[in-house]
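Colleague: based on what follows, work out the 3D shape:
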Amino acid sequence: MRFRGPLIGLTVFMTVALTLGWLVYATLLREVSGSTTAYSALFTDVYGLREGDDVRMAGVRVGRVEKIELVDNEQARVGFVVQNDQRLYGNTIASVTYQNIVGQRYLGLSPGKSGDPASSTVLAAGATIPVERTDPSFDVTTLLNGYEPLFSTLSPEQADNLTKGVIQSLQGDNASIVTLVSQTSMLTKTFAGRDQALGNAITSLNTVTGNLARQNDSLDKVLTQTRQMVSDLDSKRPALVSSAGSLAQTMRRLSKITNDVFPSLDEMITRQPGFTNHVVGIEPQYAFLGDNLPIVLKGLSRFYSEGAFINVYMCDLNITGFFPGLNDVIPIIVNAATPGNVAQYSPRCRNMANG
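Modeller: Presented below is the predicted three-dimensional model:
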């Protein structure tokens, strides 16, 4: 009788422990209530998805992942069960969706595009959803690593809110997407400076884009002509290369000639009394040339006044001028033979005599 009390206590303890253990097992097992139908889906990536994870429609748990296996070393086949009262159609899309920050995933089922002929076809039990109608897993770590420089400047609460918004956005929560965009906008405002400056930059960028859009035809024409020019230059590349070689050879010859001429030129300029001193010393001659040059040019201009040829009129030709003492004989004879004793000239000679 001494063992009766401890035995009763042990029995009660074992009963409670087994009951609690069964409850924990049932909770972790997450069996699907009611009868189910088995299906499968092919994915290119199921990272993070495990056997026993949920199968959900519109966020409601309707099934369970039963098996995951590799197919042809390229794809993953996910076997799952769905409650019989939930139907899958020919356009149903299966996706591996992020569930929480811990990294859990679930298999999401959603209807495809409306109007698809396959939307009216019910999938048979055991059917496989092809890879064309599945969305692979997304590694959110890569996305969050992009925010690492920002997290270093945020408070833990702000970083947690931003991360939570990213997770909920990946789950398709529209409200969370709005929150994420709002938080990202606040971060942009913090790091980019004043909102007015950012707005001005966007407005200016919009103006530039608008101007480019209005000049689209001209821009296309410029690009087309540029391409044609480059094409023409490319087609004439051998000739251009040859010309460049000839130019280089010509420059070498010119350099050689310059080197040969330079000593003589330098000697002429620097010799004593020197070329420069000689030029400076004939100042009266330059003055005489400057005074008479306009008269000479005016006379020469008359030769070419009617075209690219020379016109010369013999108005006062006196052949006796070459003989000493006879220079005035011809003018005296012409004046005596002319009425009024004054020599008459043609209109052209009169105009020239008047300047």
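Colleague: hmm, residue 82 is touching residue 62, no?
Modeller: Yes: the pair residue 82 and residue 62 qualifies as a contact (Cβ atoms under 8 Å) at a distance of 5.5 Å. The way it works is simple: take the backbone N, C-alpha and C, and place the C-beta from them, glycine included.
Colleague: quick one: common contacting residues for the two?
Modeller: Taking Cβ atoms under 8 Å, 6 or more residues apart in numbering as the contact rule, residue 82 and residue 62 both touch 55, 109.
Colleague: more neighbours: which of those two?
Modeller: Ranked by neighbour count (other Cβ atoms under 10 Å), residue 82 and residue 62 place residue 82 first, with 22 against 18.
Colleague: strands of the stretch 51-200 of the chain, start to end?
Modeller: 54-57, 60-71, 75-83, 93-98, 105-110, 128-129, 134-135 (DSSP state E, counting those that start in this stretch).
Colleague: neighbouring contacts of the last one?
Modeller: By Cβ under 8 Å, 6+ apart, the list of residues contacting strand 134-135 from outside reads 41-44, 93-96.
Colleague: rerun that using 6 Å as the cut-off
Modeller: Judged by Cβ atoms under 6 Å, 6 or more residues apart in numbering, the contacts made with strand 134-135 from elsewhere in the structure are 41, 43, 94-95.
Colleague: quick one: contacts for residue 103?
Modeller: Applying Cβ under 6 Å, 6+ apart, the residues near residue 103 are residue 48.
Colleague: residues near residue 328, how many?
Modeller: A total of 11 residues lie near residue 328 under the criterion other Cβ under 10 Å.
Colleague: can you dump the C-alpha coordinates of stretch 74-94 into PDB?
Modeller: Coordinates of the C-alpha atoms in stretch 74-94 are reproduced here as PDB (Å, rounded to 0.1, in the frame of the first residue of the first chain):
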ATOM      1  CA  GLU A  74      16.900  21.200 -63.000                       C
ATOM      2  CA  GLN A  75      13.400  21.500 -61.500                       C
ATOM      3  CA  ALA A  76      11.700  20.700 -58.200                       C
ATOM      4  CA  ARG A  77       8.400  18.800 -58.000                       C
ATOM      5  CA  VAL A  78       6.200  19.800 -55.000                       C
ATOM      6  CA  GLY A  79       3.500  17.300 -54.100                       C
ATOM      7  CA  PHE A  80       0.700  18.800 -52.000                       C
ATOM      8  CA  VAL A  81      -2.900  18.000 -51.000                       C
ATOM      9  CA  VAL A  82      -5.900  20.300 -51.100                       C
ATOM     10  CA  GLN A  83      -9.300  19.900 -49.400                       C
ATOM     11  CA  ASN A  84     -11.900  18.300 -51.700                       C
ATOM     12  CA  ASP A  85     -14.200  21.300 -51.600                       C
ATOM     13  CA  GLN A  86     -11.400  23.500 -53.200                       C
ATOM     14  CA  ARG A  87     -11.000  23.100 -56.900                       C
ATOM     15  CA  LEU A  88      -8.000  23.800 -59.100                       C
ATOM     16  CA  TYR A  89      -8.400  24.800 -62.700                       C
ATOM     17  CA  GLY A  90      -6.300  24.700 -65.800                       C
ATOM     18  CA  ASN A  91      -5.100  28.300 -65.400                       C
ATOM     19  CA  THR A  92      -4.300  28.100 -61.600                       C
ATOM     20  CA  ILE A  93      -1.000  29.600 -60.700                       C
ATOM     21  CA  ALA A  94       1.200  28.100 -57.900                       C
END
